[in-house]
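**Student:** I'd like to go over a predicted model; first the sequence, then the structure.
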Amino acid sequence: MPIGLVWLGWTLVLAVVQLFLTAAACRQQDGLQWASSNRDGDPPRYTGMAARLKRAQANLAETLPIFIGAVLLAWVSGHYSPLTGWGAGIYFLARAIYIPAYAFGWGPIRSLIWGISMAGLLLVLISLL
C-alpha cells in the first residue's frame, strides 16, 4: 500500500481520537444528562479547552474531505507520486500537532502548524497535475 494511503488511514484514526477528546472535554462541562438528552433548547456554551477542542475539530472537518479526496484521486487516477506521500505525511503530522496546539492555546504557533498542514495538502493537490 502506498505511504500516502497509510497516512490517510492514520488521519482517519486521528479524526476519531479528536472526536473522543472533544466529547470528553465537553462532557466535563455539560454532564452526561445533557449528552444523553434530546438536546432540545439552546446548547451549552463551552469555554476553555472544550471550546478550543470543538474549534479544532471543526477546523479538521473543513479540510479532511479535500484531503481524503485528493489522496484517493491521486491513487485511482495514476497520479500518485512521492510528492503525494510527502504531502499526506506532512498533513497528518501537522494535524496531530495542531490538536494540542489549539487545546492548550499556543496562539501564533497554532496558526503556523495549520499553515504547515495546508502546505501538505497543497503538495497532495499538486501531485494531481
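**Tutor:** Arrived safely, thanks for sending.
**Student:** use CA for all of it now, contacts and neighbours both
**Tutor:** Fine.
**Student:** Locate the closest residue to Ile68 other than its chain neighbours within the secondary structure: which element?
**Tutor:** Counting by CA to CA, 6 or more residues apart in numbering, Leu8 is the residue found nearest to Ile68 once chain neighbours are left out, at 6.8 Å. Leu8 is part of helix 3-35, with elements assigned from DSSP states H and E.
**Student:** count of neighbours near Gly105?
**Tutor:** By other CA atoms under 10 Å, the residues close to Gly105 number 15.
**Student:** Please apply the same query to Phe20.
**Tutor:** Using other CA under 10 Å, Phe20 has 12 neighbouring residues.
**Student:** Please apply the same query to Gly4.
**Tutor:** By the criterion of other CA under 10 Å, Gly4 has 25 neighbours.
**Student:** so what's it closest to, chain neighbours aside?
**Tutor:** Leaving aside its sequence neighbours, Gly4 sits nearest to Gly85 (CA to CA, 6+ apart; 4.0 Å).
**Student:** Now do the phi/psi pair for that neighbour.
**Tutor:** Taking degrees, to the nearest 10, you get phi -60, psi -40 for the backbone angles of Gly85.
**Student:** any idea how far Cys26 is from it?
**Tutor:** Counting by CA to CA, to the nearest Å, the gap from Gly85 to Cys26 is 35 Å.
**Student:** do Pro82 as well
**Tutor:** Counting by CA to CA, the gap from Pro82 to Cys26 is 39 Å.
**Student:** who's more crowded, the two?
**Tutor:** Using other CA under 10 Å as the criterion, Pro82 and Cys26 rank with Cys26 on top: 23 against 15.
**Student:** pretty sure the more buried one is touching Arg45, no?
**Tutor:** No. Using CA atoms under 8 Å, Cys26 makes no contact with Arg45, being 9.6 Å away.
**Student:** Leu73: neighbour count?
**Tutor:** 16.
**Student:** Packing partners of the helix or strand hosting it?
**Tutor:** Per DSSP H and E: Leu73 is located in helix 48-77. Identification of packing neighbours for helix 48-77 by 3 or more CA pairs under 8 Å, 6 or more residues apart in numbering; DSSP states H and E yields helix 3-35, helix 82-103, helix 108-126.
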